[in-house]
Structure formats: C-alpha cells, structure tokens
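In: Below is the structure, and that's it, no one-letter string:
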C-alpha cells in the first residue's frame, strides 16, 4: 500500500493530468468490492477503540465534481460504524446566519468531538473553488473593502490558502486526524452519470439543470482544484487523489487509506481500568454473581 499511497498523494507540484481517473488497470472491481467488505469492518473496530480512548478525533473531507460519488461512498465505507461515533455534514450554500461569520466558522463548529469521526461532504475548500469560479459569491460574505468583484485583491486566494492551512494545522495539533480526498472523475464519466440520472426514473430527482451549467465550467474547476491542492497538500493534512471513474474502486481506495493510516497510531488503545476499580474487580464480580435475578 505504501507505493499506492505515494501514487495517490499530492504535493505542491500536483498536476491534475498526471493522476488517473480510472484505476481498473491496476485493481479489479470485484476484488475491490470484496476488499471493502473486510476493510470497513476493521475500520469500525478501530472506531470503537477511538471512541473509548477519547483522545483523538477524525475528520474526513470529500471534494469532487457533481456525480463523483461522494454520497454513495460515504454510505458504503462507513456502513459498519456505530452511529454514536460518526457525524456527516453536507455543506450547501451558506445560510444567512453562516454568512454573518467568517467563511471557516460553519466548518469549525462542525468539527468532530474527541472520540468521534466527522465526515465533511463538500468542505471548507468550497471557499476557494466555487467562489473562485463564481467570485460574485464573495460579495455575500460582506467583507470590508470588497463591494464588487473588482475589489477582490490579487493576493486574496493565496491568503485563503494560508488561512486554511493554519486552520488544519491547528486542529491536527489538537488531536484531530485529518483525511482529505479529491474524487477525481473524468468529464466523460460525469456525462454518463448525468445521462443515467435522466434515463433512470429512480434517479431523476438527483438531476438539476444547474449541473449542466457547472459542467460547462469544467476546465475552470479543474484549474482551481489543481491550484488549491498544490497550495494545501501538507504533511499534516495531505490530499489523496482518488481515481473515481469506478465507484467500487474509489470506495476501496478511500477505506484502505483510512485503515492504513489509523493503524499507525499505536497509542490508540482501550483505556485501562483505574487501579482503584481493578483491585476490587473480583469482589464486584462476586457481588454480581451472588445477586438474585
């Protein structure tokens, strides 16, 4: 898996075209499906230990174009989790209340508690992706000195990258393990998936004409994703570029990366029984055994 991790981990030289969207030449889909069944059980066991240990939190971030498979991936990878230990947040257009705060506020208040997993379906990176493609959205944030798109300073996006890096470094330093996954989908595969939404009645509800408007801006999105990843893939919170033309393989890769990284935290263990309880354990056991039902 180490070689695979190297293949999928981005750095500050990240070039979108160098990373595949289809991993089927390397991994068989059926093997991926069977592999996921085993891996998600192992992750669920680690989740229980993290919950009991109560020292770390785990934040898992998913970004990708429409139809990249974020929803189904979350459903399949975390299927075996105990519901008390995981919370999924899907970030939509900011509400009026959220816009009364800085752009990172709504993400900060949604961070997972110690002992829990938090899953961000779309993330704080929307603030350097969607707003980059549609800079007029920045005006909704009511930032002093920015009353028109032309007022956005040249270093605005660089500053946001720095703020995001500082935000992630802060949460990592305070015990949150951060995973960031970009679901890398080809434009052709997105076309096929959008067509299926129109052709299959049970998927019709997923289709929006807005999907086509955003698809027309594909090249802009790819350029801004590339720049964002180059500037924010750091050792403490690297980006993993997940080939996503095959949903089973994408799910397997995400699960495998999560499992392998969590296994490296050797200090995550079930807490030991306090000595004052341990020394009387036999007496407590005997008391319970002697009780009438």
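Out: Thanks, I have it. Treat the numbers as computed from the prediction; the structure is a model and nothing was measured.
In: could you pull out the helices for the chain?
Out: Taking DSSP state H, the helices of the chain run over residues 2-8, 29-53, 70-77, 105-108, 130-133, 156-173, 187-199, 209-215, 218-232, 247-263, 275-278, 281-289.
In: Buried residues, the third one. List them.
Out: The one in question is helix 70-77. By 16 or more other Cβ atoms under 10 Å, the buried positions in helix 70-77 come out as 70, 73-74, 76-77. Bear in mind the C-beta positions are built from the backbone N, C-alpha and C, glycine included.
In: Please name the residues that touch the residue positioned nearest the centre of the chain.
Out: By Cα atoms, centre = their mean, the chain has its centre lying nearest to residue 61, at 1.6 Å. Residue 61 sits next to 120, 123-125, 178-181 when contact means Cβ atoms under 8 Å, 6 or more residues apart in numbering.
In: just to revisit the earlier point, who wins for proximity to residue 115 among the helices of the chain?
Out: Evaluated with Cβ to Cβ, the helices of the chain place helix 29-53 nearest to residue 115, the distance being 4.6 Å.
In: Can you list the low-confidence ranges for this protein?
Out: By pLDDT under 70, the low-scoring segments of the chain are 1, 293.
In: can you rerun that using 90?
Out: 1-7, 25, 200-203, 205-208, 210-211, 272-282, 284-293 (pLDDT under 90).
In: Now residue 272. Nearest residue, chain neighbours left out?
Out: Nearest non-adjacent residue to residue 272, counting by Cβ to Cβ, 6 or more residues apart in numbering: residue 278, 7.8 Å away.
In: Can you report how many residues neighbour that neighbour?
Out: For residue 278, the neighbour count with other Cβ atoms under 10 Å is 10.
In: and what of residue 220?
Out: Residues contacting residue 220 under the criterion other Cβ under 10 Å number 14.
In: For it, give me its contacts.
Out: Here residue 220 is in contact with 132-133 (criterion: Cβ under 8 Å, 6+ apart).
In: From residue 280, how far out is the residue nearest to the centre of the chain?
Out: Distance of residue 61 to residue 280, given as Cβ to Cβ, to the nearest Å: 45 Å.
In: about what we covered before: looking at the helices of the chain, which one is packed in the most?
Out: Most buried of these, by mean neighbour count (mean count of other Cβ atoms under 10 Å): helix 247-263, with a mean of 21.
In: Contacts for that helix, please.
Out: 1, 4-5, 8, 23-24, 27, 29, 32-33, 35-36, 39-40, 42-43, 46, 50, 58, 60, 69, 72-73, 76-77, 177, 179, 181, 183, 240, 242-244, 268.
In: Distance to residue 85 for the helices of the chain - can I get that in JSON lines?
Out: Output for those, formatted as JSON lines (distance: least, Cβ to Cβ, whole Å):
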{"stretch": "helix 2-8", "distance to residue 85": "25"}
{"stretch": "helix 29-53", "distance to residue 85": "5"}
{"stretch": "helix 70-77", "distance to residue 85": "14"}
{"stretch": "helix 105-108", "distance to residue 85": "20"}
{"stretch": "helix 130-133", "distance to residue 85": "30"}
{"stretch": "helix 156-173", "distance to residue 85": "18"}
{"stretch": "helix 187-199", "distance to residue 85": "31"}
{"stretch": "helix 209-215", "distance to residue 85": "33"}
{"stretch": "helix 218-232", "distance to residue 85": "27"}
{"stretch": "helix 247-263", "distance to residue 85": "13"}
{"stretch": "helix 275-278", "distance to residue 85": "24"}
{"stretch": "helix 281-289", "distance to residue 85": "27"}
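In: For residue 14, find the nearest of the ones you listed.
Out: Among the helices of the chain, helix 218-232 sits nearest to residue 14 (Cβ to Cβ), with 4.9 Å.
In: what angle separates that closest one from helix 156-173?
Out: 50 degrees (axes from the mean of the first three to the mean of the last three Cα atoms, to 10 degrees).
In: Any idea how far helix 218-232 is from the middle of the chain?
Out: Centroid separation between helix 218-232 and its chain, computed with Cα atoms, centre = their mean, to the nearest Å, is 17 Å.
In: Would you mind giving the orientation angle of it with respect to helix 187-199?
Out: Going by the same axes, to 10 degrees, helix 218-232 makes 120 degrees with helix 187-199.
In: mind checking how far residue 88 is from residue 271?
Out: Counting by Cβ to Cβ - residue 88 and residue 271 are separated by 27 Å.
In: So between these two, which is more surrounded?
Out: Legend: neighbour count by other Cβ under 10 Å for residue 88 and residue 271, higher for residue 88 (16 against 10).
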